[in-house]
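Visitor: how would this look folded up:
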Amino acid sequence: MAIKSDLNRIDRMSDDDIDYSDIPPLTDEQLSAMRPLCDFLPEIVHQKKKISIEIHSIMEN
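Guide: From the prediction side, this is the model:
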């Protein structure tokens, strides 16, 4: 039941309800050093595969 109540609470949340206070802001140096993941892992980016996961049994408990 706890999972279902947590998911209901999260569904009702807006972006303004999220507390980001414990996440330090990125510095200009960190931002300028960032590169797209596809620059580092092009072989993974082009090998997309669809998957499906059934989680209904977890959600119902």
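Visitor: for stretch 16-30, how far is the first residue from the last?
Guide: 25 Å (Cα to Cα, to the nearest Å).
Visitor: also stretch 13-28?
Guide: Start-to-end, stretch 13-28 (Cα to Cα) is 30 Å.
Visitor: quick one: average confidence on that stretch?
Guide: Stretch 13-28 shows a mean pLDDT of 92.
Visitor: then stretch 2-9?
Guide: 81.
Visitor: any idea how far that stretch is from the chain center?
Guide: Centroid displacement of stretch 2-9 relative to its chain, using Cα atoms, centre = their mean, to the nearest Å, is 17 Å.
Visitor: name the helices or strands packed onto the lengthiest helix in the chain?
Guide: When the chain is parsed with DSSP state H, its longest helix is helix 2-12. Judged by 3 or more Cβ pairs under 8 Å, 6 or more residues apart in numbering; DSSP states H and E, the packing partners of helix 2-12 are helix 56-60. For every residue, glycine as well, the C-beta is placed using N, CA and C.
Visitor: could you list which residues are in contact with I23?
Guide: By Cβ atoms under 8 Å, 6 or more residues apart in numbering, I23 lies in contact with nothing.
Visitor: separation between it and K49?
Guide: With distances taken as Cβ to Cβ, to the nearest Å, I23 is found 32 Å from K49.
Visitor: what of L41?
Guide: L41 sits 15 Å away from K49, taking Cβ to Cβ as the criterion.
Visitor: just D17 next, same as before
Guide: If you go by Cβ to Cβ, the gap between D17 and K49 works out to 35 Å.
Visitor: repeat for S5
Guide: Distance from S5 to K49, by Cβ to Cβ: 34 Å.
Visitor: in terms of neighbours, single out the busier of those two.
Guide: S5 (9 against 4; other Cβ atoms under 10 Å).
Visitor: if I look at the more buried one, how far off is F40?
Guide: From S5 across to F40, the span is 40 Å (Cβ to Cβ).
Visitor: can you check D15 too?
Guide: The value you get for D15 to F40, if Cβ to Cβ is used, is 29 Å.
Visitor: between these two, which one's more packed in?
Guide: F40 (9 against 6).
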